[in-house]
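>>> Take a look and give me a structure for this.
(chains A and B)
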2 protein chains.
Amino acid sequence: MIAINDTHDAKLKSWVESANDDATDFPIQNLPFGVFRPAGAEEEPRVGVAIGDQILDVVACRQQGLLKGKVFTAGLACDVPALNALMALGPDLWTTLRETISGLLRADGPGMAETRPKVEKCLSRMKTAELLLPVEIGDYTDFYASVYHATNVGSMFRPDNPLLPNYKHIPVAYHGRASSVVVGGTPIRRPSGQMKADDADGPSFGPSKLLDYELEVGVFIGPANHHGESVPIQKAENHVFGMCLVNDWSARDIQKWEYQPLGPFLAKSFATTISPWVVTLEALAPFRAPEFARPKGDPRPLPHLDSPENRETGGIDLTLDVFLASEQMREKGIEPLRISRGSFTDMYWTIAQMVTHHTSNGCNLRPGDLLASGTVSGPDEGSRGCLLEHTWRGENPIQLPTGEERKFLQDGDEVIMRGFCERDGFARIGFGECRGTITSVAAPE
Amino acid sequence: MIAINDTHDAKLKSWVESANDDATDFPIQNLPFGVFRPAGAEEEPRVGVAIGDQILDVVACRQQGLLKGKVFTAGLACDVPALNALMALGPDLWTTLRETISGLLRADGPGMAETRPKVEKCLSRMKTAELLLPVEIGDYTDFYASVYHATNVGSMFRPDNPLLPNYKHIPVAYHGRASSVVVGGTPIRRPSGQMKADDADGPSFGPSKLLDYELEVGVFIGPANHHGESVPIQKAENHVFGMCLVNDWSARDIQKWEYQPLGPFLAKSFATTISPWVVTLEALAPFRAPEFARPKGDPRPLPHLDSPENRETGGIDLTLDVFLASEQMREKGIEPLRISRGSFTDMYWTIAQMVTHHTSNGCNLRPGDLLASGTVSGPDEGSRGCLLEHTWRGENPIQLPTGEERKFLQDGDEVIMRGFCERDGFARIGFGECRGTITSVAAPE
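Residues are numbered from 1 along each chain as shown, chains lettered A, B, ... in the order given. Below is the predicted model:
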């Protein structure tokens, strides 16, 4: 695990004033990476770091001579407007780059008088910038790591057999669709598909009526492992660059009809939204938590999925909120309604276990591959991470402030996910937002 | 469907003599594309076309001024050593390029005296060249399109419920792993994984003992569809560049323990082998066949998965052979043993139906995406496309000429898949080979 160091010091202030606001997601202790296009469409996309309400252009920093020596390489890796090359470099260079950027933005940084005018030229306003998909995702894998979610969904889809026998031994996962992963803010078109009502003789094809979100956390892979070689759990986090929020949109009616025997396919592959900023694992060092407290009687993981460090600090204390805003709410100027709050500490499996399991057969992970956690649901009703669970398949609709009800998502609904880490004595680290609005189904050709 | 044209004429001969051999996979009527490195490791990889026992270097052809006008663009798309850019161009340019290359290689081609010396400079011997992965595969999707395979496997994994109710309505598929797709000839390391014996209290971790191949056919996507828009079945084949052979290696013991509820994951993701040559859909025009003859009582596909053209010519009459050679057989100089022969006409779903189903929810396919058919098994015992079915889970082992028995694959076993199309009045079109040899499991770190 990455140690807590000077860059995490809660007393650090930035000369970018907005970064010192207690409510900001992006204080100088965070420094998440993304890809952006500054205001003005003629500008080329580039790699940037969020700081308060600004974005630091990493390419411009290098061009200004602000990244020297070892960090120059890390800067060069940012020349392509995707984080893959940076992710491939590994923890040592990530740390060096973080220290350098932290130094450039500190109110009391060394040589500040000389460097600050140069750094100022490298800042863009986040509000007017366009945030782009930060990574070229080679493969996207979706886990199923919340035992609460698996039990809830299992009890609806398989009442006799909600939690399958493998669940407590394997971090269950399936391959997702990489081509349709989009950045937050991209409109999500309601999918059509085959579905079959319980009382119908056969299936029909049409727009999904049971459209849902799934609140998940994403993990971006750093350096690859060689094809044919596995990553031991002790080294798993060396292969993890950072994290984002994921909305794994799901069409429950399509899913129910298609998912056996080979798993979800078109019910998920129409779109997956990720948040634009990738929070590094290093920024999260102060918020590490023990692994999930398995109830008495639950089996220990097999030895290759177990380690003292994973037990003690494999988890991350990350709070996750979901907000909903209907079109009516927006028209009336009503703020989005928070409909759930979950915690990433409620996951049965840790990130290190996911990486080790995924590579245990020799499968090669590549820089920029996305691993998602599966829906983050906790034991309480208020911590259920999708509408299927939240409304219990529509039995308990959500009441909106306009008087509207929601069993599943309607056209015009916007889903907003937020995530943050808080701990006494440390600065609050935010993930920014993961937003998506449902648009109507495509007209038939 | 692409029409039969002059390039299919069985009377065409090439001045590359080996292409006129009746037994060659690569007559002038075939012209499959691949990526190769000529003998001598210092050479850069490049796009080539197989002709007899030679490879035509497409980049060199352009540099020699042999690709002019409209075809120059297609030639430029081959400058990157991967077929993705060529695949993105679409049927018109593919046809033009095919006509041009056919013209360059014809024994009676126009201006032959002038061009042949130039073209000869663009040839490399296939035997000494290194054949590379031909495509950068963005997403890999694996279908399950043989009703015989689905019924056989289903009856082993779910005796009470072999063929699920959705099978005859949906071309069932799941997402595969793109990172571990390798080109034929790459050694395949036996995977380790979690498995649980029926009589064991809990799972254990170790090398797979039930390692299997799966004979499949691969389809490479050409031009992308827009995210959010589906491809009607009438236009589906405009999005298909060509085909290859696929060996979807499978660890049955890992699969059995992990696959519910989200489908196969590590049982498949350790490796998938594809053949190095991509046979274009145009080369296969003479071998089109009706869709699968659904038995009386089977439902018709829903309207979006049905069309007169698909019914009449949606299939492809492609014969598929699997050969096995143990290490002992190779040491004793015994030829590989053919253990099965199947036909792609036995598939319940056509390529067009796969493409239309895949995009029916708005999922975007990208140039170079790989769709595999699922195991090609027919109704007869001799046409079963994997050992699980062939030996019926090991109950009927295969006898090798050395006296060895095979229930599942042993270290040192080589699996060789071959495919070809034959029809009176047309040249035989071969797919080349898809080879892979099992090596021992990785030593623990």
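
>>> quick one: A:G185 is in a strand?
No - A:G185 sits outside any strand when classified using DSSP: H, G, I helix; E, B strand; the rest coil, being coil.

>>> so what's it up against?
A:L131, A:P276, A:R435, A:G436 (Cβ atoms under 8 Å, 6 or more residues apart in numbering or on different chains). (C-beta placed from N, C-alpha, C; glycine too.)

>>> pLDDT below threshold where in chain A?
A:1, A:41, A:443-445 (pLDDT under 70).

>>> Could you pull up the residues touching the residue in it that chain B sits nearest to?
Closest to chain B within chain A is A:G263: 2.7 Å, counting by Cβ to the nearest Cβ. Remark: with contacts taken as Cβ under 8 Å, 6+ apart, A:G263 is in contact with A:Y174, B:Y174, B:P261, B:L262, B:G263, B:P264.

>>> Tell me which strands the strand ranked longest in chain A pairs with, and in which orientation.
When chain A is parsed with DSSP state E, its longest strand is strand A:429-439. Applying DSSP bridges to the sheet, strand A:429-439 is found paired with strand A:188-189 (parallel), strand A:414-421 (antiparallel).

>>> okay if I get those as TSV plus distance to A:K68 and mean neighbour count?
Shown next, in TSV, are the strands paired with strand A:429-439 (distance: least, Cβ to Cβ, whole Å; neighbours: other Cβ atoms under 10 Å in any protein chain shown):
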stretch	distance to A:K68	mean neighbour count
strand A:188-189	43	23
strand A:414-421	31	22
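
>>> looking at this, the residue of chain A closest to chain B is in a strand?
No - counting by three-state DSSP, A:G263 is not part of a strand but coil.

>>> Quick check: chain neighbours aside, which residue is closest to it?
Computed as Cβ to Cβ, 6 or more residues apart in numbering or on different chains, the closest residue to A:G263 that is not its neighbour in sequence is B:G263, at 2.7 Å.

>>> show me what contacts A:L66?
Taking Cβ under 8 Å, 6+ apart, one finds A:T100, A:L104, A:T115, A:K118, A:V119, A:C122 in contact with A:L66.

>>> Most neighbours among these, which one is it?
Within these, most neighbours by other Cβ atoms under 10 Å in any protein chain shown means A:L104, with 25 neighbours.

>>> And it, which helix or strand is it part of?
Using DSSP states H and E, A:L104 sits in helix A:91-105.

>>> Which SSE is immediately downstream of that helix?
By DSSP H and E, the next helix or strand past helix A:91-105 is helix A:112-120.

>>> who touches the helix or strand following that next one?
The helix or strand immediately downstream of helix A:112-120 is strand A:123-125, counting by DSSP H and E. Contact partners of strand A:123-125, identified using Cβ under 8 Å, 6+ apart, comprise A:V16, A:F36, A:P38, A:A39, A:G48, A:I51, A:D53, A:Q54, A:I55, A:L56, A:D57.

>>> hang on, the earlier thing: now for the helix holding A:L104, which elements pack on it?
For helix A:91-105, the packing partners by 3 or more Cβ pairs under 8 Å, 6 or more residues apart in numbering or on different chains; DSSP states H and E come out as strand A:54-57, helix A:58-63, helix A:70-76, helix A:112-120.

>>> 6 Å instead, please
helix A:70-76 (3 or more Cβ pairs under 6 Å, 6 or more residues apart in numbering or on different chains; DSSP states H and E).

>>> How far does the helix it packs on sit from its chain's centre?
26 Å (Cα atoms, centre = their mean, to the nearest Å).

>>> List the buried residues for that helix?
For helix A:70-76, burial by neighbour count (16 or more other Cβ atoms under 10 Å in any protein chain shown) applies to A:V71, A:A74, A:G75.

>>> so can I have a markdown table of those showing distance to A:Q63?
Listed next are the buried residues of helix A:70-76 as a markdown table, based on distance: Cβ to Cβ, whole Å:
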| residue | distance to A:Q63 |
| --- | --- |
| A:V71 | 14 |
| A:A74 | 14 |
| A:G75 | 9 |
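
>>> hey, where'd the strands end up in the stretch 101-250 of chain A?
A:123-125, A:130-132, A:140-143, A:173-175, A:181-183, A:188-189, A:192-195, A:204-207, A:211-212, A:215-221, A:240-247, A:250-251 (DSSP state E, counting those that start in this stretch).

>>> Save these as a markdown table, and put in distance to A:W392 too.
Formatted as a markdown table, the strands of the stretch 101-250 of chain A follow (distance: least, Cβ to Cβ, whole Å):
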| stretch | distance to A:W392 |
| --- | --- |
| strand A:123-125 | 43 |
| strand A:130-132 | 35 |
| strand A:140-143 | 23 |
| strand A:173-175 | 24 |
| strand A:181-183 | 29 |
| strand A:188-189 | 24 |
| strand A:192-195 | 20 |
| strand A:204-207 | 23 |
| strand A:211-212 | 12 |
| strand A:215-221 | 16 |
| strand A:240-247 | 20 |
| strand A:250-251 | 16 |
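
>>> on that earlier part again, from the contacts of A:L66, pick the one nearest B:L320.
Closest to B:L320 out of these is A:T100 (56.8 Å), distances taken as Cβ to Cβ.

>>> wait, the closest one sits on A:V71?
Yes - under the criterion of Cβ atoms under 6 Å, A:T100 makes contact with A:V71 at 4.7 Å.

>>> still on that earlier bit, would you mind giving me the PyMOL syntax to select the buried ones in the contacts of strand A:123-125?
Applying 16+ other Cβ under 10 Å to the contacts of strand A:123-125, the buried members can be selected in PyMOL as follows:
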select buried, chain A and resi 16+36+38+48+51+53+54+55+56+57
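
>>> who touches the residue lying closest to A:Y259 once chain neighbours are set aside in this structure?
Distances taken as Cβ to Cβ, 6+ apart place A:A267 nearest to A:Y259, at 6.8 Å, with adjacent residues excluded. A:A267 makes contact with A:S250, A:A251, A:I254, A:Q255, according to Cβ atoms under 6 Å, 6 or more residues apart in numbering or on different chains.

>>> How about the secondary structure of A:A267?
A:A267 ends up helix, using three-state DSSP.

>>> about what we covered before: so what angle separates the directions of the helix holding A:L104 and strand A:240-247?
Orientation of helix A:91-105 against strand A:240-247 (axes from the mean of the first three to the mean of the last three Cα atoms, to 10 degrees) gives an angle of 70 degrees.

>>> CA atoms only for helix A:91-105 - export them in CSV, please.
Only the C-alpha atoms of helix A:91-105 are listed here, as CSV (Å, rounded to 0.1, in the frame of the first residue of the first chain):
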residue,chain,number,x,y,z
PRO,A,91,3.8,3.7,-8.9
ASP,A,92,7.3,5.3,-8.7
LEU,A,93,6.8,7.7,-11.5
TRP,A,94,3.2,8.4,-10.5
THR,A,95,4.5,9.4,-7.1
THR,A,96,7.2,11.6,-8.5
LEU,A,97,4.7,13.3,-10.8
ARG,A,98,2.3,13.9,-8.0
GLU,A,99,5.0,15.4,-5.8
THR,A,100,6.1,17.7,-8.6
ILE,A,101,2.5,18.9,-9.4
SER,A,102,1.8,19.3,-5.7
GLY,A,103,4.9,21.4,-5.4
LEU,A,104,3.9,23.6,-8.4
LEU,A,105,0.5,24.3,-6.8
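
>>> Buried ones in it, by neighbour count?
A:91, A:93-98, A:100-105.

>>> so what's A:E216 bridging to?
For A:E216, the beta-bridge partners are A:V246 (DSSP bridges).

>>> I'd assumed A:G362 was in contact with A:G228.
Yes - taking Cβ under 6 Å as the definition, A:G228 is a contact partner of A:G362 at 4.2 Å.
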